[in-house]
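A.B. asks: Build me a model from this:
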Amino acid sequence: MDDAAGNLAANARRLREARGLSQQQMAQLAGIPRATWASLEVGGGNPTLAVLRRAAAALQVSIEELIGPPRTAARLFPAAQARVRRRGRAELRPLLPEAIAGLEISRLELAPAGHLNGIPHTPGTREYLFCEAGRIELVASGERWELGAGDVLVFRGDQRHGYRNLDAARPAVAISVVCFAPAP
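C.D. replies: This next block holds a predicted model:
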């Protein structure tokens with residue numbers, strides 16, 4: 001079986017099963033005989049372009065996606081490949097390896113007694129800081145908050161702000177969620 005036929009078989013079966021449909025139901029949606037659909041799922045035969053077009057339309061994917069390499073349901077991103085930013089005595093590690101428009105989620109680790117100056121974002125940006133371990137002080141617009149493990153602080157991310165580990169002996173860890181306001 002060549003790559004295209006194998007890809008077609010795996011994709012047709014995976015996409016049909018993901019929709020919870022039988023081969024008969026899928027064949028009806030595509031307007032093709034059930035035997036033709038079964039043939040697609042085993043990589044047999046030589047489907048015409050019209051059959052591929054109908055199958056792709058019924059599955060709501062492009063023909064390229066139907067015959068291309070199967071997409072896996074999961075993808076591992078090894079820790080060693082993570083992009084880590086170090087600023088002073090702080091380490092920022094994105095928790096999402098793929099960008100999501102308007103959202104940034106990072107793990108912030110502050111060295112003992114370490115601090116980090118935040119960068120003001122676009123007006124209207126909101127930040128959420130979840131203290132996972134240790135004690136963290138956040139200063140924003142002249143106000144101070146102390147967070148312990150499990151505490152969450154919501155604040156405007158469009159102002160000057162900074163983070164400080166209040167413990168001189170142990171690191172502090174937090175999860176930072178930045179919800180960016182759209183640029184004007």
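A.B. asks: tell me which residues in the helix ranked longest in the chain are buried?
C.D. replies: Criterion DSSP state H: the longest helix present in the chain is helix 3-18. For helix 3-18, the buried set under the neighbour-count rule, 16 or more other Cβ atoms under 10 Å, comprises 5, 7, 8, 9, 11, 12, 13, 14, 15, 16. The C-beta positions use only the backbone N, C-alpha and C, and glycine is treated the same way.
A.B. asks: Domain-wise, how is the protein divided?
C.D. replies: Domain assignment for the chain, taken from automatic domain parsing, gives 3-67, 79-179.
A.B. asks: Including mean pLDDT, could the ones you listed go into TSV?
C.D. replies: Formatted as TSV, these follow (pLDDT from 0 to 100):
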stretch	mean pLDDT
domain 3-67	91
domain 79-179	93
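A.B. asks: End to end on stretch 93-112, go ahead and measure it.
C.D. replies: Using Cα to Cα, to the nearest Å, the end-to-end distance of stretch 93-112 comes to 18 Å.
A.B. asks: so where do the helices sit in the chain?
C.D. replies: Secondary structure of the chain (DSSP H): helices located at 3-18, 23-30, 34-42, 49-59, 63-67.
A.B. asks: Which secondary structure elements does the shortest one sit against?
C.D. replies: I take that to be helix 63-67. In terms of contacts (3 or more Cβ pairs under 8 Å, 6 or more residues apart in numbering; DSSP states H and E), helix 63-67 is packed against helix 3-18, helix 49-59.
A.B. asks: between those, which one is nearest to residue 129?
C.D. replies: Nearest of the helices and strands packed on helix 63-67 to residue 129, taken as Cβ to Cβ: helix 3-18 at 37.1 Å.
A.B. asks: Can you lay out the helices of the chain as a markdown table showing distance to residue 163?
C.D. replies: Below are the helices of the chain laid out as a markdown table (distance: least, Cβ to Cβ, whole Å):
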| stretch | distance to residue 163 |
| --- | --- |
| helix 3-18 | 42 |
| helix 23-30 | 53 |
| helix 34-42 | 54 |
| helix 49-59 | 48 |
| helix 63-67 | 43 |
